[in-house]
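In: Sequence first, then the predicted structure, then my questions.
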Amino acid sequence: MVTRIMAAVDAEYAEVTRVRIRRALRQLAAEGRPCGGRLFGYVSAVDDDGRKTRAIVPHEAEAVRWAAAELLRGETLASVARAFDAKGMAHVRKGKTWSPTHIRSLVTNPTVAGMRPDLPEPQVPQIEPAILRAVEPGWAQARSW
């Protein structure tokens with residue numbers, strides 16, 4: 001009986017937390033502010049109003065564009081990952097090497113197209129600059145490579 005009560009309390013706490021997180025993400029989206037940590041191609045910055053934003057790191061952004069172009073040319077995710085390692089492109093997680101999964105996540109991340117990836121609603125534009133532009137609607141959901 002005590003276990004059931006504890007489980008019910010835990011479930012309620014999880015639901016309250018989920019609602020609070022979604023509310024905070026919606027507020028950030030409405031204000032055009034980014035959420036989350038470091039993303040390859042961007043660095044944290046502060047805008048003229050003193051609000052948190054992201055700025056493009058030119059050499060990393062160029063690497064993202066290059067990776068997308070190579071994949072569209074027919075190169076494999078693994079070959080692009082090897083090229084990133086060969087070029088000495090530092091992974092945002094210190095000490096990690098690039099893998100095909102990392103490359104796929106990088107080029108299909110809605111953030112690099114200037115979209116917000118964190119809300120269940122349809123992708124909404126955000127203020128931070130885009131590295132890649134979305135070629136066709138629904139591109140961010142197409143993660144079937």
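Out: Yep, that arrived. Numbers count the residues shown, from 1 in each chain.
In: Look at Leu106 and give its secondary structure.
Out: helix (DSSP: H, G, I helix; E, B strand; the rest coil).
In: now it, nearest residue through space, not along the chain?
Out: Nearest residue to Leu106 in three dimensions, chain neighbours excluded: Phe40, at 5.8 Å (CB to CB, 6 or more residues apart in numbering). All C-beta atoms are positioned from the backbone trio N, CA, C, and that covers glycine.
In: for the longest helix belonging to the chain, which positions count as buried?
Out: Counting by DSSP state H, the longest helix found in the chain is helix 2-31. Neighbour counts over helix 2-31 (16 or more other CB atoms under 10 Å) mark 25, 28-29 as buried.
In: what's next to the helix or strand just after that helix, contact-wise?
Out: The helix or strand immediately downstream of helix 2-31 is strand 42-46, counting by DSSP states H and E. Residues outside strand 42-46 that contact it (CB atoms under 8 Å, 6 or more residues apart in numbering) are 38, 52-57, 60, 111, 128, 131.
In: Please pick the buried ones from those.
Out: Among those, those buried by neighbour count (16+ other CB under 10 Å) are 53-54, 56-57, 60, 111, 128, 131.
In: Sitting in strands, which of those do you find?
Out: Judged by DSSP state E, strands contain the following of the buried ones among the contacts of strand 42-46: 53-54, 56.
In: Of those residues, just say which sits nearest to Arg33.
Out: Nearest to Arg33 out of these is Thr53 (CB to CB; 6.9 Å).
In: ok, for that closest one, nearest residue in space, not its chain neighbours?
Out: In space, Thr53 is closest to Asp47, 4.6 Å off (CB to CB, 6+ apart).
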